[in-house]
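> Turn this into a structure:
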Amino acid sequence: MLRVRHVQEGETGLMMRDEGTVADIVSVREGLQIVTVWMRSGALERAVHYTDTMPLLSPGDVVNLNVTAMKLRLGSGGFHIVISIRNRKSDHHVASKPSNGHIMKLKYTPMQRSVFAIEEPASSFHSVFQGDMNLEGMPVLLGELHSMLPVVMCWLRYRHQQRKSSDRALEVAYIMTDGGALPLAWSEHVAILENMEWLKTTITYGQAYGGKVEAVNKYSALVAAKHIVKADISVVTMGPGIVGTNTRYGFSGLEVGELVNAVYALGGIPVVIPRISFADPRIRHQGISHHTLTALQLAARCPAVVPLPLLEAKESAVVQKQAQNLQLHRIVGMPSPSIAEITEAFSMYPQPITSMGRELSQDPAYFQAICAAADCANQLHNPLG
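A predicted model of the protein is given here:
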């Protein structure tokens, strides 16, 4: 195994590589294969292979692998990443879906690729982005964790079914930031939601890529959701994977505050999904997580709507005390959905929904907070509904 020497303080990086032989194809979805590989050590391990720039793998293919995250025991989902296919030459660099775009993502890395961005001059929507644009009061749900996305979508669908109305379900655009996983294809939740046709579209911006719509930054992504996609509401989270360093500022969820500013500046309604837990053993994540509090106190310079579920008395007291530090923002008390209702909503989804390894029964406040925020956004979109 090739291993770059151990990183000392101030050095720039560490990458570990290894080689494996594809044993079996576990699953295939748009843009991604999951395979098992025989490592040179004799171990059978899992790897993810992105097919937007490389051909599909077959058993027997010899692949170069980035094994860094697994070797460092990080939360990579338990997968190595395929870098290249060693035993193929002719089709190695053939892209599955050639792009006519001229906007680069993963810029100045060996993996950079061109995408066709919604704003670029060749786009039929280029003129939309020439002048000042306004979100016209569109509610935008802002979440720190990717696991919030399926909860929001299940709850919105459940509420729609409850109404027993002939009205269509809310049309939702999902915007994925570049704070976590960069390829949209990595998200199994997005693949499921697209297959179920619960999302009107997906938008990726910054260095994130693979959305049905590609955008350069958060502002144009939000404008696209409103004026190109014609979504009723948008949900914005990073992709799977969150960075935390147990410091006040060193975590990727700080971007929620920056997103508040962007939505507000564009005339939308930023609705922050609070990260609430009474099951997390870490003190800094008890009640309203310090991630939510810091993003709203430090990074958000504009007011956001912060829905808080009405929990049982002791838990509500903790949450309400913490919320006193959010004077800039509009705190909205929301009825707390019952565990039975959320369970019924989740029954429509084909996979278990967990966060930080915990399911609904283990951390009910986390899921209740997300559903309460979705209810709030729904009401803001349709005040008379």
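
> From here on, just use CA atoms for contacts and neighbour counts.
OK.

> isn't residue 18 right up against residue 64?
Yes. At 6.1 Å, residue 18 and residue 64 qualify as touching, with contact defined as CA atoms under 8 Å.

> Spit out the residues that contact the two alike.
Here residue 18 and residue 64 have no joint contacts, going by CA atoms under 8 Å, 6 or more residues apart in numbering.

> I'd guess residue 84 is in a strand, am I close?
Yes. Under DSSP: H, G, I helix; E, B strand; the rest coil, residue 84 falls within a strand.

> any idea whether the nearest residue to it once chain neighbours are set aside is helix, strand or coil?
Distances taken as CA to CA, 6 or more residues apart in numbering put residue 64 closest to residue 84, at 5.3 Å, once the chain neighbours are dropped. When classified by three-state DSSP, residue 64 comes out as strand.

> what residues are up against residue 64?
Contacts of residue 64 (CA under 8 Å, 6+ apart): 17, 18, 19, 20, 82, 83, 84, 85, 86.

> from those, which is closest to residue 167?
The closest of these to residue 167 turns out to be residue 82 (CA to CA; 45.3 Å).

> now the closest one: how far from residue 23?
Note on residue 82: its distance to residue 23, by CA to CA, to the nearest Å, is 14 Å.

> more crowded one of those two?
The neighbour comparison of residue 82 against residue 23 (other CA atoms under 10 Å) goes to residue 82, with 23 against 19.

> how's the chain carved up into domains?
2-85, 126-381 (automatic domain parsing).

> ranges for the strands of the stretch 1-150 of the chain?
2-3, 16-29, 32-39, 44-50, 62-66, 80-85, 103-105, 113-115, 139-142 (DSSP state E, counting those that start in this stretch).

> go on, the stretch 251-385 of the chain?
Counting by DSSP E, counting those that start in this stretch, the strands of the stretch 251-385 of the chain are 269-272, 276-277, 287-288, 305-309, 330-334.

> Could you point out the longest helix of the protein?
In the chain, assigned by DSSP state H, the helix with the most residues is helix 364-381.

> CA atoms only: put that one into PDB for me.
The C-alpha trace of helix 364-381 is given here as PDB (Å, rounded to 0.1, in the frame of the first residue of the first chain):
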ATOM      1  CA  PRO A 364     -37.700  11.600  19.200                       C
ATOM      2  CA  ALA A 365     -37.000  15.300  19.800                       C
ATOM      3  CA  TYR A 366     -34.600  15.400  16.900                       C
ATOM      4  CA  PHE A 367     -37.300  14.200  14.500                       C
ATOM      5  CA  GLN A 368     -40.100  16.200  16.100                       C
ATOM      6  CA  ALA A 369     -38.100  19.400  15.600                       C
ATOM      7  CA  ILE A 370     -37.700  18.600  11.900                       C
ATOM      8  CA  CYS A 371     -41.300  17.900  11.300                       C
ATOM      9  CA  ALA A 372     -42.300  21.000  13.200                       C
ATOM     10  CA  ALA A 373     -40.100  23.100  11.000                       C
ATOM     11  CA  ALA A 374     -41.600  21.500   7.900                       C
ATOM     12  CA  ASP A 375     -45.100  22.300   9.200                       C
ATOM     13  CA  CYS A 376     -44.000  25.900   9.700                       C
ATOM     14  CA  ALA A 377     -42.600  26.200   6.100                       C
ATOM     15  CA  ASN A 378     -45.800  24.700   4.800                       C
ATOM     16  CA  GLN A 379     -47.900  27.200   6.700                       C
ATOM     17  CA  LEU A 380     -45.700  30.100   5.500                       C
ATOM     18  CA  HIS A 381     -46.300  28.900   1.900                       C
END
